[in-house]
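Visitor: This is a predicted model, with the sequence first.
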Amino acid sequence: MVFGIRLEDDEVFNAYQRKFTIREILNRLAAGGMETRMYYNAQRDEICCKVRCPVERLQKEAGRIGYKLLLDSSVLRSTCQHGRPGRWSGLVIQDEHNQCRYEPYEHLHAPYLSDRPDMESLYKRYGDAAGAGSAPKIVFRGVDRLKLMYTIMVAKSSEGGCNLDIVKLLKYKAILGFFPLHDKVELRLLQRAWFRYVQAPWAQPIQDVKDYYGEKIGLYFLWLGHYTTWLLPASICGILAWINVAAAGNDPNVPGTAAFSVFVALWCTMFTEFWRRRQATYTMRWGMTGFEQEEQTRPQFKGTRSTNPVDGRPIDYFPRSEATKRFVFSATVITALVCVVIAAVASIFLLKEFLVAEPQHDRMQVAGVDLTTIIPSLCNAVQIQIMNAIYGSVAIWLNDLENHRTDTAYEDNLIAKTFMFQFVNSYASLVWIAFIKPRDKCVDTCMNELATNLGAIFLTRLAVGNLTQVLLPLLKARALQRRSAAALDPERMPSIAEKEYVLEIYDVMLGPFNDYAEMAIQFGYATLFVAAYPLSCLMAFINNYIAIRVDAWKLLQVCRRPEPRGAEDIGTWHTILEIMGVISVVSNSALIAFTSDLFAGHSTAQRIWIFMLFEHGVMLFKYALAVLIPDVPQDVTIQLEREEFVLAKVLHNEPDDDDDPPVKEDGALLSDRTIRQEDDDW
């Protein structure tokens, strides 16, 4: 780990900087058991502080928090087969009917027990990434060491930690940077396996990504690969539907769009259900099952010291009444901003009405192209990006105000806030065109206008997304490198830590969060209006294929190494995808029944019946699929039960069920063994 620290004689701008001087930070690190080494950077205007932690201190911290480690399957098998005489007999686990594809002792994890020397040999050991045979093997991988070091740094002094709020130190510039150094060998191996221009989305080295960047980032790329893979069949069907539209003279009012809408509705259910199964599988493999129940309290959580009413342990208490007040305040601010978005969308449609009216309409014809539709569509796409950027900062401020206890609770609430706003911001104009705008006011037809808007939004997001994710980090990094090079001491080369310091920052919380948010909104564009724009799934597939390459490139070459974090699931994002799958059935049913001309000869009452039958029929199929597909694969359930059973023996020495010795009979306890000829009414 590396800290960038201000010089001691630098000007102090706030009380936090005054409190957390170099001396105070170093004292706290030393009190937590850390070892430090400081040196001036090449410009001699900052101090680089490298931090490491002895293995013994890591073991103590792992024992304190019950850090889960992978067990060595071969050693565990041998231990279980021999048993522990006097405690429990040997185990022989067999799968006669092949109910589970995993070996009995595969992917089993256990909390690290620093006070149990007999357990030490059971944990899987890892050597140097470079393959140096002389280096002793230890139970902690590089990613484990980084996680444990961070928990030591942020833990309270009463828990043996350094009591340093890293987020706050960075916010008030008491420190200028904080990041783990890249492991050059591991990074090079990962780059060779992952950063390829041509690679199937299902062929990513997810295990290696997880082992280097942590489960949180690994889970994001696992989900992105799953989503992109599932978009492939949807894209092929969308192309077939588009061919049907093109053959009809670019008329979306054809049976192919209705059939594709049904397919996408069922596809949404299959996609989310199979993701749930895939997520459960990898959560088990990575030892993250139950992570949210064991998660540590955020350093930023503020509460009064109290006792837990359940077990009497000390906790930080935050009154529910105060939490409710802050929630109501957040809801009020969000509602006000949603109203601003609606007003902005209304303004764009007023602009469109103005451009369509004479004499402006004639001026909007350029080289035979009618700009009256294109200009408002582009304005709408730009408005969406601007409002999302503004609201992002507001949502984070509101979420900080609500004072959530854990990172998972913090992120889940931020997801809900962000998506409620982005849903209205992203889809309000499309809903207006599809269902509210008078048919005689649409350019050409409302279905064609809707398709034009969707195409403009997709292309704008593709262009803006790549510009912001590729060009901006490159330009910022190069500008910072030029400034640093200009002030370099000509007699001294910058160290590795200094070179990585000038790289782009990848926020371990907001980085994946923003990526998920972008993909969730895109999921809506790809599914909510497919009856009008069958190519939306293909556009999403192309975007995602590029996104995997761009995101991998950013992490590998452009950004500092983010602090690794654990994660059990993708959180509220999965619920949002399921909700949008349901909304897509309603929206596409309404598009086919009311907006399209497929049923132009039918009365309004008949169209309502068509809508109800179509929507209820598809919903029934969706529900049946969701019920028929188990959330957790059977072999995952079996493996988790195996883990529970094996750990009960190995960790807790639980006796066998038949270990009760027979009752010894003495003279006073001799039983009556006489068998009489008949009942003597005793």
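Guide: Everything's here; your move. Being a predicted model, the structure only gives us computed values, none of them experimental.
Visitor: contacts, neighbours, all on C-alpha from now
Guide: Noted.
Visitor: Figure out the length between the terminal residues of stretch 49-63.
Guide: Start-to-end span of stretch 49-63 (CA to CA, to the nearest Å) is 27 Å.
Visitor: where does the stretch 351-500 of the chain have low pLDDT?
Guide: 358-370, 373, 443, 477, 480-481, 483-491 (pLDDT under 70).
Visitor: residue boundaries of the strands in it?
Guide: Listed in chain order, the strands of the stretch 351-500 of the chain (DSSP state E, counting those that start in this stretch) span 365-366, 369-370.
Visitor: Over to the stretch 51-200 of the chain?
Guide: Using DSSP E, counting those that start in this stretch, strands in the stretch 51-200 of the chain cover 68-70, 109-111, 175-179.
Visitor: What's the biggest helix in the chain, counting residues?
Guide: For the chain, the helix with the greatest residue count under DSSP state H is helix 320-356.
Visitor: separation between residue 42 and residue 498?
Guide: Residue 42 is 8 Å from residue 498, by CA to CA.
Visitor: the more surrounded of those two?
Guide: Comparing residue 42 with residue 498 by neighbour count (other CA atoms under 10 Å), the higher total belongs to residue 42, at 21 against 18.
Visitor: helix/strand/coil for that one?
Guide: Put simply, residue 42 is coil when judged by DSSP: H, G, I helix; E, B strand; the rest coil.
Visitor: Also residue 9?
Guide: Here residue 9 is recorded as coil under three-state DSSP.
Visitor: same question, residue 288
Guide: coil.
Visitor: Grab the nearest non-local neighbour of it.
Guide: residue 568 (5.2 Å; CA to CA, 6 or more residues apart in numbering).
Visitor: which residue ends up closest to the midpoint of this structure in space?
Guide: For the chain, the residue sitting closest to the mean C-alpha position, by CA atoms, centre = their mean, is residue 570 at 4.4 Å.
Visitor: And for the residue nearest to residue 288, the neighbour number?
Guide: Neighbours of residue 568 (other CA under 10 Å): 22.
Visitor: And residue 676, by the same measure?
Guide: 7.
Visitor: That one is in what secondary structure piece?
Guide: Assigned by DSSP states H and E, residue 676 belongs to no helix or strand.
Visitor: give me the low-pLDDT residue ranges for the chain?
Guide: Residues of the chain that meet the cut-off, pLDDT under 70, sit at 10, 128-136, 358-370, 373, 443, 477, 480-481, 483-491, 658-672, 680-682.
Visitor: per the record, what domains does it have?
Guide: 2-67+116-180, 191-292+303-598 (automatic domain parsing).
Visitor: Need these in JSON lines (columns: distance to residue 636).
Guide: Output for those, formatted as JSON lines (distance: least, CA to CA, whole Å):
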{"stretch": "domain 2-67+116-180", "distance to residue 636": "21"}
{"stretch": "domain 191-292+303-598", "distance to residue 636": "6"}
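Visitor: Which of those domains sits closest to residue 674?
Guide: Closest approach to residue 674 among these (CA to CA): domain 2-67+116-180, 52.0 Å.
Visitor: what distance separates that closest one from the centre of its chain?
Guide: Its chain's C-alpha centre and that of domain 2-67+116-180 lie 25 Å apart, by CA atoms, centre = their mean, to the nearest Å.
Visitor: let's number from 36 now, not from 1
Guide: Will do, 36 is the new start, and the previous item becomes domain 37-102+151-215.
Visitor: between the strands of the stretch 86-235 of the chain, which gets nearest to residue 668?
Guide: Closest among the strands of the stretch 86-235 of the chain, using CA to CA: strand 144-146, at 18.7 Å.
Visitor: which helices and strands does the closest one pack with?
Guide: Contact here means 3 or more CA pairs under 8 Å, 6 or more residues apart in numbering; DSSP states H and E; on that basis strand 144-146 packs against strand 103-105.
Visitor: Run the chain-centre distance for the strand it packs on.
Guide: Relative to the centre of its chain, strand 103-105 is centred 21 Å away, using CA atoms, centre = their mean.
Visitor: cool, stretch 238-247 as well?
Guide: So, by CA atoms, centre = their mean, the centroid of stretch 238-247 is 15 Å from its chain's centroid.
Visitor: ok, residues contacting that stretch?
Guide: 177-178, 221-222, 225, 228-229, 251-254, 256-257, 260, 599 (CA atoms under 8 Å, 6 or more residues apart in numbering).
Visitor: how about these, which pair is most distant?
Guide: Among those, 177 and 260 lie farthest apart (CA to CA), at 25.1 Å.
Visitor: and residue 580, what does it touch?
Guide: 236, 263.
Visitor: Need the three-state assignment for it.
Guide: helix.
Visitor: Would you mind stating the distance between it and residue 266?
Guide: Residue 580 is 10 Å from residue 266, by CA to CA.
Visitor: Let me know whether residue 609 touches residue 306 as I believe.
Guide: No. Using CA atoms under 8 Å, residue 609 is not in contact with residue 306, being 10.6 Å away.
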